[in-house]
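K.L.:
Sequence and predicted model, in that order:
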Amino acid sequence: MIKSIPWNFVKSTSTVFGLSIVAAFGVQALGGNFWASFCLFVTVQYILFSFAGTIIRNYFIQKTLQKELEALEPLSTILECAYCNTSNVMTFLPDQNERAEFDCTSCNKKNLVNIQFVVARITEPVNVNSSTGIPLTDIKDEKE
Ligand SMILES: [Zn+2]
């Protein structure tokens, strides 16, 4: 890895200079200034290469971000339409770019979903005597 960096640098630099010399000879053959065109070509190529490098780097950063987002589980929930109260199944993938919204299956209107985070205490499991087999019921139900 460390060895390949200077070699790549030498290779790309010699490519830039080689192409610039060829292009400068072409300009000279057409009656232009050799060194002026040579310097111009070197500069233009370095600018283009640095641009390309930035674009490629951004592309890979974007790809990595995409992979991280894909690793996130999509969230599914049933939500009622804000217009006609029809229940809709809504699947939402956490994404930093998109708003959470769905189209109602009944009225086709677009619903915007506000996502809230709610905190709660962790509930302790209730110890119920398993031998009775009687599930816990609401006190109100027992009275009736
Ligand atoms: Zn609706």
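P.N.:
Thanks, I have it.
K.L.:
Can you tell me how far the residue nearest the centre of the chain is from the ion?
P.N.:
By Cα atoms, centre = their mean, the chain has its centre lying nearest to residue 66, at 3.4 Å. The gap separating residue 66 from the ion is 32 Å, by Cβ to the ion, to the nearest Å. In this view, the C-beta of every residue, glycine as well, is placed from N, C-alpha and C.
K.L.:
For the helix or strand where that residue lies, buried residues please.
P.N.:
Residue 66 is part of helix 34-71, with elements assigned from DSSP states H and E. Neighbour-count burial for helix 34-71 flags 37, 38, 40, 41, 42, 45 (criterion: 16 or more other Cβ atoms under 10 Å).
K.L.:
export those residues to TSV and tack on distance to residue 23 and pLDDT?
P.N.:
Shown next, in TSV, are these (distance: Cβ to Cβ, whole Å; pLDDT from 0 to 100):
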residue	distance to residue 23	pLDDT
37	7	90
38	8	91
40	9	92
41	5	90
42	10	90
45	9	88
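K.L.:
which of the residues you listed come close to the ion?
P.N.:
With Cβ under 5 Å from the ion as the criterion, those include none near the ion.
K.L.:
Reformat those as a markdown table; add distance to residue 18.
P.N.:
Below are those laid out as a markdown table (distance: Cβ to Cβ, whole Å):
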| residue | distance to residue 18 |
| --- | --- |
| 37 | 14 |
| 38 | 11 |
| 40 | 16 |
| 41 | 11 |
| 42 | 11 |
| 45 | 10 |
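K.L.:
Straight-line length of stretch 105-122, end to end?
P.N.:
One end of stretch 105-122 sits 36 Å from the other (Cα to Cα, to the nearest Å).
K.L.:
oh, I was asking about stretch 111-122
P.N.:
32 Å.
K.L.:
Kindly report the same for stretch 89-102.
P.N.:
9 Å.
K.L.:
Show me what it is in contact with.
P.N.:
69, 72, 74-79, 88, 110-115 (Cβ atoms under 8 Å, 6 or more residues apart in numbering).
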